[in-house]
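Chemist: For reference, the sequence and a predicted model appear below.
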4 protein chains.
Amino acid sequence: MSLNSFGHLFRVTTWGESHGPALGAVVDGCPPGVALAAGDIQPWLDRRRPGQSRFTTQRQEADAVEILSGTYEGRTTGTPIQLLIRNLDPRSKDYATIADRFRPGHADLTYHLKYGLRDPRGGGRSSARETAARVAAGGVARAVLAALLPGLAIAGAMVQMGADAVDPARRDAAEVARNPFWCPDAVAAGRWAAALDALRRAGDSVGAIVEVVATGVPPGLGAPVYGKLDADLAGAMMSINAVKGVEIGAGMAAAALRGSENADEMRMGAAGPEFLSNHAGGILGGISTGQPVVVRMAVKPTSSIMTPRQGLTVAGEEVAVTTRGRHDPCVGIRAVPVAEAMMACVLLDHLLLHRGQTGGGVLGRIGG
Amino acid sequence: MSLNSFGHLFRVTTWGESHGPALGAVVDGCPPGVALAAGDIQPWLDRRRPGQSRFTTQRQEADAVEILSGTYEGRTTGTPIQLLIRNLDPRSKDYATIADRFRPGHADLTYHLKYGLRDPRGGGRSSARETAARVAAGGVARAVLAALLPGLAIAGAMVQMGADAVDPARRDAAEVARNPFWCPDAVAAGRWAAALDALRRAGDSVGAIVEVVATGVPPGLGAPVYGKLDADLAGAMMSINAVKGVEIGAGMAAAALRGSENADEMRMGAAGPEFLSNHAGGILGGISTGQPVVVRMAVKPTSSIMTPRQGLTVAGEEVAVTTRGRHDPCVGIRAVPVAEAMMACVLLDHLLLHRGQTGGGVLGRIGG
Amino acid sequence: MSLNSFGHLFRVTTWGESHGPALGAVVDGCPPGVALAAGDIQPWLDRRRPGQSRFTTQRQEADAVEILSGTYEGRTTGTPIQLLIRNLDPRSKDYATIADRFRPGHADLTYHLKYGLRDPRGGGRSSARETAARVAAGGVARAVLAALLPGLAIAGAMVQMGADAVDPARRDAAEVARNPFWCPDAVAAGRWAAALDALRRAGDSVGAIVEVVATGVPPGLGAPVYGKLDADLAGAMMSINAVKGVEIGAGMAAAALRGSENADEMRMGAAGPEFLSNHAGGILGGISTGQPVVVRMAVKPTSSIMTPRQGLTVAGEEVAVTTRGRHDPCVGIRAVPVAEAMMACVLLDHLLLHRGQTGGGVLGRIGG
Amino acid sequence: MSLNSFGHLFRVTTWGESHGPALGAVVDGCPPGVALAAGDIQPWLDRRRPGQSRFTTQRQEADAVEILSGTYEGRTTGTPIQLLIRNLDPRSKDYATIADRFRPGHADLTYHLKYGLRDPRGGGRSSARETAARVAAGGVARAVLAALLPGLAIAGAMVQMGADAVDPARRDAAEVARNPFWCPDAVAAGRWAAALDALRRAGDSVGAIVEVVATGVPPGLGAPVYGKLDADLAGAMMSINAVKGVEIGAGMAAAALRGSENADEMRMGAAGPEFLSNHAGGILGGISTGQPVVVRMAVKPTSSIMTPRQGLTVAGEEVAVTTRGRHDPCVGIRAVPVAEAMMACVLLDHLLLHRGQTGGGVLGRIGG
């Protein structure tokens, strides 16, 4: 991982600012011969697209993706795939007032300190709009995974908004697509709608916890000791805007467990080893076990709020900053498809790494 | 980051197994002209060394580091530094019984599935012993940081053992070195000693939360969007054995905050911008703010316990596994110097990246 | 270097096919604050642009570059710079006849064998058209170098066409821009014009030797032992289409020298060490000496010729292949600006690496 | 490639100085399950070992390799392999006289300028002794290639010493092992012996051309456009000490060819496509064709000679430098096994990359 690229063999480089003419991703190292058209990627972008409910930013962007290279007659050729998304609805004037000031909780200040200048329009490169490029790249990864690992499924959900978590007993995967929160608990979704309406009226925002689960992940993905699957997942998820914590399996709660509780016991199933629990989140020693890979991340509340907070001007004056523009009151919502995309990219990358080093498949047999 | 290397410009590659003749690290990209002898690295290794109290493994290893290359007349030359640590006290026979079986919670199974074979002695490459090489590399990073950023300090602590956390009101940095837990709260340390004695007698183990804080970090370290300082820290910390969660600043708790609570307000101090809080953990937009960089990680309980747990043999038979050998009842203790070392490596790496791209320093002025 | 990217810190990723909608480059790691507009890059592209004389392909491409990201108000921001060049004049029908056959000397065959499919239109990704993206990226590198190393100059020339070399006694740098061959010898340029006219009429093509010299390169760029400046230059130049050999300084002729002839003797000049000769081509031990960096490369004759040559069809039939389409009879001509661009990118990359590791400048003093 | 590492998936990091306690290589990314013991590597090191004839340096080094990690019960485990070679016969006092001066043609000067200090003993890191580590790593690559591609063979030879080349008509592969020059022409070997004796007496040295040919290379290794097989080979070979030029196939001579001569015509053979010539050196578009991969490199004459040459002292004084110590009068001889090792590493690396991206093998069929 370096600067604006991630991945080892399935390597994604994103570029673009919130209010420039376009943004996008170059996907390099993609396996050849995979069916891929813009229509295979667009549905994933549509999930992340703004303006789909009153709970996300009202910026209107079609987020239509164009494939400029790397395919021929509807299949990938193994050469770099340039994915381009035009910016259609920037309202840069909304940002004129912040060009000379630093908003609390924003990257305005750090970009200024580091680079000596910044593109203030919509947050420039630090805007969550960059995540559209991730989702597009994730769409390519999904198409390849569908070809190479047809049993794999990646499902994200928002499992907590503010301090209000879903009820594990009421989780229903089918519910996720039925509400604007990707919430697997219909009752919680109702509470969240009310709470978020109140927050918007108050000019405030709120954090969230997003969970992504990949099932059908074959054993053997990952490698000691800095190419661990969980290490790469942690880096990938922490690189998403506003993420402040990443957990694998039991996560932070593992600290409170005893060894006799935490270690996932095994039994021999018809198709191979099975586990009686999944505190490991599907990863042991940095390598996938075959169990579901479970990642959770905390998304901080949007810093762009109507409530005035004390910031600074370039001249060093203290100033109350109120962020106009159009913003998500709970950026965790749109982080769900982004986190899914990162999961897809990391898993495919490690699948390619695994077959590069070992030829692929499971080399060690258990049982007859 | 790929496989057994980490870092971009300050690049560390570790090698070695728990019971092989030696293990070590190659440190490449080190700045030249820095005073460095084995004696500068040894104190950090001594902090991680096993057998120092009844609360860590009783394996006796001097962990004496030898510098085989990269220095001349006591100074770094800019060429790769090979750090070698010999294994003196392996008791491989302790592991004869597990050569044909997979311990719950261990990497035994995943190494077998991925590679088709593994070194079972002491866990081979997946042993926490690998972290000695990290601490040695971190010692080099510390020596360079001392030369380049004399105001920087890195301090780790264990802030929770099992479900028992330190009392923020009683935290005292001076206390950390006075107890065998790196615990900043003397009262908690007393409770932990009693609890851990009971756990050892019960043949069980427990998890922990480790916190590392770096002060004196200059603004401007990190980069959008996959070279973020927090993304690299998350990957580095998650790559440490047994870590299941990583938090920056407010961490997972950020989910429960509102935007008006979370955004760290600013004021103009004598030396530049100051913040009224540090929910960001010293990082905004992936770039350091100048505030303390705060990272926490959850370390799962040691899986090697005397309590029998159900595992599998290579033949696929279910078997009750009891791990003999010598093990840490709370591996979080020795994770403290390891996490400090990773922090040192990541910060130095980003310092070098920053001066590579920008020339170094702070390019943007604030105020007169 | 991996697949479609090159460079360590100044990292260029190119994408695009000969007959797709566009091609381009993402330039990541660019220093911030450098004045950069499309007009700074366009002149370099214009030097490589086809159709400027009867001696290059008649394909009409404006090669107008658009900067889609990474600048704000005319200066680089340190974020990735997307350079886009549209393909305006593809004549894909010219290639219908070769979609099912492999041209001798072309990448058609190897792409087919490796990937199982290929974009046959104009050679797809293997087309020399990809080099437009390199020249655009080189234009960014030149702008940065102009800011950081104002004394640096990069000058390419074609010094041999076929077996006909320039006369060293008649070399005149000013002549290079005056003929369509970038030839520093006016008399040779005249001979080449006649020879190339004859070759075109004969439906044949010819090879060439291109030389690039960088003056004003500071000492200290490069690093042992795989990050050597000459190793990176060799890789960069060999990656250009049709290049079959790369030389530094005395090059292949160094084999015939004795040590007493080859070693460049030194004397103390007013500004530091000086050399009495430059067999080293400005590089010793992989690190620049301060002398001109001299690279030469052999460009093979264009394989796309009107003379029928025996190839194969996908069905395995032997077939006489004649390449229609529009092609350069001596692709070495247009390789000159491409080689200059690669030199610019490699030098800037090593300048950034050098200041990353050492802080920049010359650390060792000689004399008072 | 960065600093002291090379390779993408089969990644080699070398370390160590000429007169330090030891040197070595870490080989990361090695496929698991391959039979490997020190005895598999030692024969390759023995070919490079000094002191085997009067035509190489008289330094006595056993160059015995120790494997410190990465194998278990005689097979690779997929974890990093540390190869260690001790330095037994340094005579550092020979270098006392050059600690304060810069030898013409040596890296003394550039290391000093870049780093501000250097290890002058035996050239430190810039010594050709570093190539022992390459040969050891190449031994690992050879063992893996023998398992994965049993038909592959790599054969190096010295084909020119000074201006005296072998006679193509007299080349005999069996002759290479029968003379101290790895010369495939017995008559030339006789001439070279006489010439080199004279040069040694005269206190001088001479350059050479080394050729390495790999047969049995499957089609499909390499990738557009910066991960080209020839680009990586060029970088790898140019990184060897004293190399000043690298050629693939027809090499620099390709410049003098016409397209109708250069393009290798094809016919359909029993086992697939065949070529009527091999100007391409087995690589088209950066991807292997299945033909022999042919690389040549020019090695400059050893700069360490008894003939006084004008250098400088640290104080800036001009001084006649005569290099004592023990040196190769024609370093090209020992470059032969080094170049073979680099070929092995690059081919294996690209084999792993190829199966990572495509699954391996040949995806495109030709004929029925």
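Modeler: Okay, I see it. Numbers count the residues shown, from 1 in each chain, chains lettered A, B, ... in the order given.
Chemist: In space, what's closest to the residue in chain A that chain D sits nearest to - neighbours in sequence excluded?
Modeler: Closest residue of chain A to chain D, CB to the nearest CB: residue A:356 (2.9 Å). Backbone N, C-alpha and C define where each C-beta goes, glycine included. Spatial nearest neighbour of residue A:356, excluding adjacent residues (CB to CB, 6 or more residues apart in numbering or on different chains): residue D:356 at 2.9 Å.
Chemist: circling back to that earlier point, got the confidence number for the residue of chain A closest to chain D?
Modeler: pLDDT for residue A:356: 97.
Chemist: Beta-bridge partners for residue A:269, please?
Modeler: On the basis of DSSP bridges, residue A:269 takes part in beta bridges with residue A:272.
Chemist: What is the burial count for it?
Modeler: Neighbourhood size, residue A:269 [other CB atoms under 10 Å in any protein chain shown]: 11.
Chemist: helix or strand right after the helix or strand in which residue A:43 is found?
Modeler: Using DSSP states H and E, residue A:43 maps to helix A:38-48. Next helix or strand after helix A:38-48 toward the C-terminus (DSSP H and E): strand A:65-67.
Chemist: what distance separates that following strand from the centre of its chain?
Modeler: 20 Å (CA atoms, centre = their mean, to the nearest Å).
Chemist: Next: stretch A:14-22.
Modeler: 18 Å.
Chemist: following whichever strand or helix holds residue A:312, which helix or strand shows up next?
Modeler: Using DSSP H and E, residue A:312 sits in strand A:309-313. Per DSSP H and E, the first helix or strand lying C-terminal to strand A:309-313 is strand A:318-321.
Chemist: Which other helices and strands does the helix or strand following that next one contact?
Modeler: Counting by DSSP H and E, the element after strand A:318-321 in chain order, helix or strand, is helix A:332-358. Secondary-structure packing of helix A:332-358 (3 or more CB pairs under 8 Å, 6 or more residues apart in numbering or on different chains; DSSP states H and E): helix A:38-48, helix A:131-148, strand A:153-161, strand A:208-215, helix A:229-238, strand A:293-299, helix B:108-115, helix D:332-358.
Chemist: again, only this time at 7 Å
Modeler: Of the remaining helices and strands, those touching helix A:332-358 by 3 or more CB pairs under 7 Å, 6 or more residues apart in numbering or on different chains; DSSP states H and E are helix A:38-48, helix A:131-148, strand A:153-161, strand A:208-215, helix A:229-238, strand A:293-299, helix D:332-358.
Chemist: Name the residues of the stretch 101-250 of chain A found near chain C, please.
Modeler: A:115-119, A:124-125 (CB under 7 Å from any CB of the partner chain).
Chemist: Looking at the residues you listed, which are in helices?
Modeler: residue A:115 (DSSP state H).
Chemist: what about chain A, any weak spots by pLDDT?
Modeler: A:1, A:92, A:325-326, A:368 (pLDDT under 70).
Chemist: residue contacts, the nearest residue to residue A:224 once chain neighbours are set aside?
Modeler: Once flanking residues are discounted, residue A:224 sits nearest to residue B:125: 4.9 Å by CB to CB, 6+ apart. By CB atoms under 7 Å, 6 or more residues apart in numbering or on different chains, the contact list for residue B:125 reads A:224-225, B:17, B:119, D:79.
Chemist: before we move on, what about residue A:245?
Modeler: A:297-298, B:245-247, B:251-252, B:254.
Chemist: Just send those residues back as TSV, with secondary structure too.
Modeler: Below are these laid out as TSV (DSSP: H, G, I helix; E, B strand; the rest coil):
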residue	secondary structure
A:297	strand
A:298	strand
B:245	strand
B:246	strand
B:247	strand
B:251	helix
B:252	helix
B:254	helix
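Chemist: Top of those by number of neighbours, please.
Modeler: residue B:246 (33 neighbours).
Chemist: I figured it was touching residue B:234, is that so?
Modeler: Yes. Residue B:246 lies in contact with residue B:234 (CB atoms under 7 Å); the separation is 4.6 Å.
Chemist: Common neighbours of the two, please.
Modeler: What both residue B:246 and residue B:234 touch, as defined by CB under 7 Å, 6+ apart, is the set A:234, A:246.
Chemist: hmm, back to that, most tightly surrounded among the helices and strands packed on helix A:332-358?
Modeler: helix A:229-238 (a mean of 29; mean count of other CB atoms under 10 Å in any protein chain shown).
Chemist: still on that earlier bit, relative to residue A:349, how far out is the residue nearest to residue A:356?
Modeler: Per CB to CB, to the nearest Å, residue D:356 is found 10 Å from residue A:349.
Chemist: any residues in contact with both of the two?
Modeler: residue A:9.
Chemist: which ones are touching residue A:362?
Modeler: A:218-220, B:113.
Chemist: Residue A:327 now?
Modeler: A:57, A:302, A:304.
Chemist: Pipe the residues you listed into JSON lines and attach distance to chain B and neighbour count per row.
Modeler: Formatted as JSON lines, these follow (distance: CB to the nearest CB, whole Å; neighbours: other CB atoms under 10 Å in any protein chain shown):
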{"residue": "A:57", "distance to chain B": "14", "neighbour count": "20"}
{"residue": "A:302", "distance to chain B": "5", "neighbour count": "27"}
{"residue": "A:304", "distance to chain B": "8", "neighbour count": "26"}
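Chemist: how about the residues of the stretch 1-150 of chain A near chain B?
Modeler: So the stretch 1-150 of chain A meets chain B at A:1-6, A:8, A:14, A:102, A:104-107, A:109-116, A:125-126, A:130 (CB under 7 Å from any CB).
Chemist: Give me the buried subset of the residues you listed.
Modeler: A:1-6, A:8, A:14, A:102, A:104-107, A:109-116, A:125-126, A:130 (16 or more other CB atoms under 10 Å in any protein chain shown).
Chemist: surely residue A:347 meets residue A:217?
Modeler: Yes. Counting by CB under 7 Å, residue A:347 does reach residue A:217; the two are 6.4 Å apart.
Chemist: Tell me which residues are up against stretch A:17-25.
Modeler: Contacts of stretch A:17-25 (CB under 7 Å, 6+ apart): A:12-16, A:82-87, A:90, A:92, A:119, A:121-125, A:127, A:129-130, A:132-133, A:136-137, C:68-69.
Chemist: Sorry, wrong one. I was asking about stretch A:296-304.
Modeler: So stretch A:296-304 is contacted by A:103-106, A:205-211, A:237, A:242-247, A:251, A:323, A:325, A:327-329, A:331-332, A:335, A:339, B:250-252, B:254-255, B:257-259, B:262-263 (CB under 7 Å, 6+ apart).
Chemist: start to end distance for it?
Modeler: Terminal residues of stretch A:296-304 lie 24 Å apart, using CA to CA, to the nearest Å.
Chemist: ok, now stretch A:82-97?
Modeler: 34 Å.
Chemist: Off-centre distance for that stretch?
Modeler: 21 Å.
Chemist: same question, stretch A:246-262
Modeler: 23 Å.
Chemist: Which residues does it contact?
Modeler: By CB under 7 Å, 6+ apart, stretch A:246-262 touches A:230, A:233-234, A:237-238, A:278-283, A:294-297, B:105, B:160, B:162-163, B:204-209, B:234, B:244-246, B:252, B:298-303, B:305, B:307, B:309.
Chemist: do the same with stretch A:181-191
Modeler: So stretch A:181-191 is contacted by A:156-158, A:161, A:164, A:166-167, A:170-173, A:175-176, A:179, A:192, A:333, A:336 (CB under 7 Å, 6+ apart).
Chemist: So which bits of that stretch are buried?
Modeler: A:181-185, A:188-189.
Chemist: what does stretch A:57-67 give?
Modeler: Applying 16+ other CB under 10 Å to stretch A:57-67 flags A:57, A:59, A:61, A:63, A:65-67 as buried.
Chemist: which two from these end up farthest apart in space?
Modeler: A:57 and A:67 (26.0 Å; CB to CB).
Chemist: Kindly check the end-to-end length of stretch A:218-235 for me.
Modeler: 21 Å.
Chemist: How far away from the center of its chain is it?
Modeler: 17 Å.
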